[in-house]
Every structure is written in C-alpha cells, then in structure tokens.
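Asks: just to be clear, the model below is a prediction. Sequence and coordinates:
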Amino acid sequence: MNLTQLNYFKTVCTFRSVSAAAEHLYISQPSLSNAIKELEKEFGVALFKRHHHGMELTPEGAELLKLSTNLLNHASNLQRTMNDLGEKRKILRLGIPPMISSLLLPYIYNDFLPAHPEIQLDITEGGRQELADKLSDDFLDMVFLPHNQPFEKSFECMPITKLETVCCAFKDNPVSKYSSVTPVNLKDIPIVLFKNSFFHAEEIKKWFATSGIEPEVLLQTDQLSTLQNVIANNIATGFLFRQLIEPDSNLVPIPMESPIQVNISLVWKKNSCFLSSMSLFREYIKIKNPFKFQA
C-alpha cells in the first residue's frame with residue numbers, strides 16, 4: 001500500500017466510476033483498475049461492488065475510505081504547504097460556475113495573474129453542487145458559489161456581490177415584447193436551462209413552482225455558450241445574469257416580475273491549509289472586486 005494507491009482509491013470513491021476517475025487523474029483505466037485490484041489483493045477484501053450503473057463501496061471499502069481520508073489530506077497539505085514555502089510555482093485550484101466565470105476570468109487573467117506570475121491557476125467549471133462537493137473532498141482550494149442561504153459550517157466565505165437574473169429572449173421572440181415576465185407569461189414557452197446540479201436551474205424551477213407551473217424545458221446544458229446560442233438562434237427562451245447581455249446584441253433582457261437576486265461569495269474549506277496563493281487571491285477579490293466594474 002502507498003499514498004498513490006490510496007489516492008486512486010479515494011478518487012474512484014468520489015466519482016463512483018473508474019473511467020471518470022481515470023480521466024480526472026490523467027491515467028489509463030487499466031492502470032487505475034490494477035491499482036484497485038492490488039489493494040484488494042493486499043488486504044484480502046473486496047473494496048467495491050461493481051454494477052452496470054456504477055460502483056458501490058463494500059463495508060470494507062467504506063472503512064478504508066474513512067481511515068485513509070485524513071491520511072491523504074494531511075499528506076496533501078504537507079506537500080502543498082512545503083511547495084508553497086519553497087520556490088516552486090504555486091497552484092491555485094479554483095472552481096467557478098460558467099456564468100460567473102464569464103464575468104470574472106477576463107479580470108483575473110488580465111489583472112491578478114500578471115501581478116502574481118508565481119501563481120498557476122487551475123480552473124474547474126461546474127454547477128454549485130459539483131463545486132461544493134469538490135471543495136469538501138479537497139479537489140479544489142476555493143470556489144465562487146451562488147447562494148441565497150448561509151453555507152454549511154464546514155465552509156468559510158467572503159461575500160462578493162449580488163447579481164440579478166433576467167429572462168432573456170431573441171429580439172424577434174414574442175417574449176421580448178414584455179416589460180416584465182411572470183411564470184404565467186412563459187407557460188408552454190420552450191426554455192433552456194443549466195443542468196439540475198446548477199443553483200441557477202434550481203432557482204428558476206422554484207420561480208415557476210410559485211405559480212404552480214411546470215416549465216417547458218427544451219434543453220438542459222452545463223455550457224454557457226450552448227445556452228446563449230440556443231437563445232440567440234430563437235430556439236428557446238432562457239435566463240442569464242443581466243451583466244452577461246451585451247447592449248448591442250440581438251438578445252433582450254426582460255426583468256422578472258418577482259426578481260431573482262443571487263448572492264455570490266468566494267468560499268473555502270474551514271480549517272483547511274490556507275496557502276499563500278489563496279491569501280493573495282482573496283485579497284485581490286476583496287480589494288479590486290471585478291464585479292464593481294460590471295454594476
């Protein structure tokens with residue numbers, strides 16, 4: 001048994017799939033499968049029950065995961081802390097939902113990184129739940145998360161801004177003629193949403209539910225560009241942060257009669273190893289706050 005094997009095992013536990021875990025680890029599936037088999041052979045136990053729909057931990061596998069998690073966290077924190085203290089390039093693993101990414105990344109790449117060439121940014125885009133899970137599992141250092149409720153006690157956060165969600169339609173779409181929209185206005189109108197793991201999709205569905213209406217969802221995606229293209233080609237109506245709609249585009253922002261305001265915070269894991277790259281980035285966001293240029 002070694003730390004690499006345990007890390008491989010933990011990653012398979014996280015993704016519940018050898019193929020997804022191998023992709024995340026940038027290794028081949030056979031190499032990962034062999035590492036798991038070697039652990040099972042060494043301990044004389046089965047670690048997973050394998051099903052056609054995924055993998056499930058055995059009781060022995062669950063015990064190994066519990067015992068190895070702290071060990072792996074300590075080893076990772078030790079390595080990253082020593083690298084942070086040394087002269088090696090410092091890596092900041094940052095998670096951002098796509099709409100926030102579109103608003104923030106130009107400022108981060110053009111302002112923060114040139115001022116700190118010693119920092120390498122590793123960006124992960126995803127929905128709120130996916131990013132929160134990866135932060136909990138130590139796959140990310142910091143994440144930008146939308147929210148309307150306090151975070152769980154294992155997280156610390158720094159509030160950044162509040163953004164307005166608006167309905168968005170192509171300029172020739174009948175929906176664009178409304179001065180404001182209600183769920184009733186959009187009944188039986190095809191809409192495009194992010195996937196259900198995204199906070200934004202959850203909030204839009206709640207908005208429809210207040211009027212007892214089931215939205216006519218044509219497509220759900222995890223790609224902002226796909227969502228924007230579907231709206232721009234007049235295939236469906238969608239919902240975006242107001243700041244993402246250019247004044248000279250063919251897209252029209254329509255206020256929602258019951259506004260959806262979304263809080264955005266920078267979040268990190270409480271009691272985690274707080275690296276210098278994290279501290280520098282937090283100070284940059286606190287002082288410069290790119291959102292103030294987009295008000």
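Replies: Cool, the structure landed. Please read all numbers here as calculations on a predicted model, not as lab measurements.
Asks: residue 270 against residue 152, yeah?
Replies: No. Counting by Cβ atoms under 8 Å, residue 270 sits too far from residue 152 to count as a contact (9.4 Å). C-beta coordinates here come from the backbone N, C-alpha and C atoms, glycine included.
Asks: what's the mean pLDDT across the strand or helix carrying residue 82?
Replies: Secondary structure here is read from DSSP states H and E; on that basis residue 82 sits in helix 59-85. When pLDDT is averaged along helix 59-85, the result is 78.
Asks: neighbouring strands of the helix or strand that that helix is followed by in the sheet, and parallel or not?
Replies: Using DSSP H and E, the helix or strand that directly follows helix 59-85 along the chain is strand 90-96. Strands adjacent to strand 90-96 in the sheet, as given by DSSP bridges, are strand 119-125 (parallel), strand 142-147 (parallel).
Asks: give me the contacts around whichever helix or strand comes after strand 90-96.
Replies: Sequence order places helix 98-107 as the next helix or strand after strand 90-96, per DSSP H and E. For helix 98-107, the external contacting residues (Cβ atoms under 8 Å, 6 or more residues apart in numbering) are 96, 123, 125, 144, 146, 194, 200, 222-224, 240-241, 243-244, 264, 288, 290-291, 293-294.
Asks: mind listing the helices for the stretch 151-295 of the chain?
Replies: Assigned by DSSP state H, counting those that start in this stretch, the helices in the stretch 151-295 of the chain fall at 199-209, 224-232, 276-288.
Asks: closest one to residue 116 among the ones you listed?
Replies: When these are compared by Cβ to Cβ, helix 276-288 sits nearest residue 116, at 5.8 Å.
Asks: who does that closest one touch, helix- and strand-wise?
Replies: Helices and strands touching helix 276-288, by 3 or more Cβ pairs under 8 Å, 6 or more residues apart in numbering; DSSP states H and E, are strand 90-96, strand 119-125, strand 142-147, strand 155-170, strand 260-269.
Asks: the fourth one to strand 142-147, inter-axis angle?
Replies: Spelled out, that is strand 155-170. Using axes from the mean of the first three to the mean of the last three Cα atoms, to 10 degrees, the direction of strand 155-170 lies 60 degrees away from that of strand 142-147.
Asks: counting by contacts, list what strand 155-170 packs against.
Replies: With contacts defined as 3+ Cβ pairs under 8 Å, 6+ apart, the secondary structure elements packing on strand 155-170 are strand 142-147, helix 199-209, helix 224-232, strand 238-241, strand 251-254, strand 260-269, helix 276-288.
Asks: sheet partners, orientation included, of that strand?
Replies: Paired neighbours of strand 155-170 in the sheet (DSSP bridges): strand 238-241 (antiparallel), strand 251-254 (antiparallel), strand 260-269 (antiparallel).
Asks: just name the most buried of the ones you listed.
Replies: For the strands paired with strand 155-170, the largest average neighbour count (mean count of other Cβ atoms under 10 Å) is found in strand 238-241, namely a mean of 24.
Asks: quick revisit: quick one, which of the helices of the stretch 151-295 of the chain is nearest to residue 169?
Replies: Taking Cβ to Cβ as the criterion, residue 169 comes closest to helix 224-232 out of the helices of the stretch 151-295 of the chain, the separation being 6.7 Å.
Asks: and that closest one, what's buried?
Replies: 224, 227, 228, 230, 231, 232 (16 or more other Cβ atoms under 10 Å).
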